[in-house]
Each structure stands twice: as structure tokens, then as C-alpha cells.
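Colleague: next one to model:
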Amino acid sequence: MGSAGEEAKVVKADGFAVVHVAGHQYKVTTDDVVYIDHAEGLSVGDVVRLDRVLMLGSASGGTRVGTPLVSQDLVRVEAVVEQKFADAKITTLKMRRRKNSRRTTNSRPRLTALRILSIRFDHEADRVTAIA
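Modeller: Numbers count the residues shown, from 1 in each chain. Got it, this is the predicted structure:
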């Protein structure tokens, strides 16, 4: 991203990122709350970096699509764990018609709420071409 004294540019509210977390893709902006499947090893208040960024976009900087991911040198998406909770009860009914056979099961999926703190995009590094 540059030297330690340089600060990366923060994409404003018009910017977004598409991140891949726990097998799902989410389009996020700053201050969004994303509900993901239960994340082991995280506790409330932990700040996490979402490394798997698939796409970036902003009104001023255009759109950058990863192949398949945007380079970690170009982008940094940070989130904080707001809460961990069990979602509402889901009832599943399995029934065989005309057999007088049915089975019900209940479950409460465990979720983790992440609030997106910042989406940082290094515009200077975008101009540098990689030599393969």
C-alpha cells in the first residue's frame, strides 16, 4: 500500500465492494451490517479483515473486477463483530402423502453480525503494472 506514513484513500459512501465470506457473496458499503453464518473463533468487538474481495466500485474511481479476486495490495475491507446470536426458529415438516407419516424438526441457525468499518482502495497502486 505504500510507506507507513502514507494513508490509503477511503472509498466514500458511493463506493462498494463485493466480498466472499463463508461461502456467500455480499455487496457491502461502509456502515453496512452483514449477517453471516456462525464464525468460530471470533468474539464480539473483534476487528476482522475481509481478504476475499471480488469486485470494487465507486462513482469517482470506476469499477475494478478481480480475476477471481482483487489483489490484497489494492484493497482493505475491515469489519467489526457486533453480535453473535441465534436466528428465529425454522420449522421443517416432512410428510408422505396418504401414508399418515410426518416428521417435524426445528432449528435455530447461529449467525454473526459484522459491521463494515471501512473500504480502503489504494489508487496509486492501481497505476502500477505488474511484470509477469
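Colleague: what residues are up against the closest residue to residue 102 other than its chain neighbours?
Modeller: Beyond its immediate neighbours in the sequence, the residue positioned closest to residue 102 (Cβ to Cβ, 6 or more residues apart in numbering) is residue 95, lying 4.1 Å away. C-beta: built from backbone N, CA, C; applies to glycine. Residue 95 is in contact with 101, 102, 103, counting by Cβ atoms under 8 Å, 6 or more residues apart in numbering.
Colleague: any chance of the residues you listed in TSV with neighbour count as columns?
Modeller: Compiled in TSV, those are given as follows (neighbours: other Cβ atoms under 10 Å):
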residue	neighbour count
101	9
102	10
103	9
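Colleague: returning to what we had before: tell me the phi and psi of the residue nearest to residue 102?
Modeller: Residue 95 adopts backbone torsions of phi -130, psi 140, taken as degrees, to the nearest 10.
Colleague: what pLDDT does the model give it?
Modeller: In the prediction, the pLDDT value recorded for residue 95 is 96.
Colleague: then residue 129?
Modeller: As summarised for this prediction, residue 129 has a pLDDT of 39.
Colleague: right, and residue 56 touches residue 71 too?
Modeller: No. In this structure, residue 56 is not within contact of residue 71 by Cβ atoms under 8 Å, at 10.6 Å.
Colleague: among these two, which residue is more densely surrounded?
Modeller: When residue 56 and residue 71 are compared on other Cβ atoms under 10 Å, the one with more neighbours turns out to be residue 56, at 23 against 14.
Colleague: beta partners of the residue nearest the centre of the chain?
Modeller: Residue closest to the mean C-alpha point of the chain, counted by Cα atoms, centre = their mean, is residue 19 at 4.4 Å. The bridge-partner assignment for residue 19, based on DSSP bridges, gives residue 26, residue 53.
Colleague: measure it to residue 54 for me?
Modeller: Remark: distance between residue 19 and residue 54 (Cβ to Cβ, to the nearest Å) = 7 Å.
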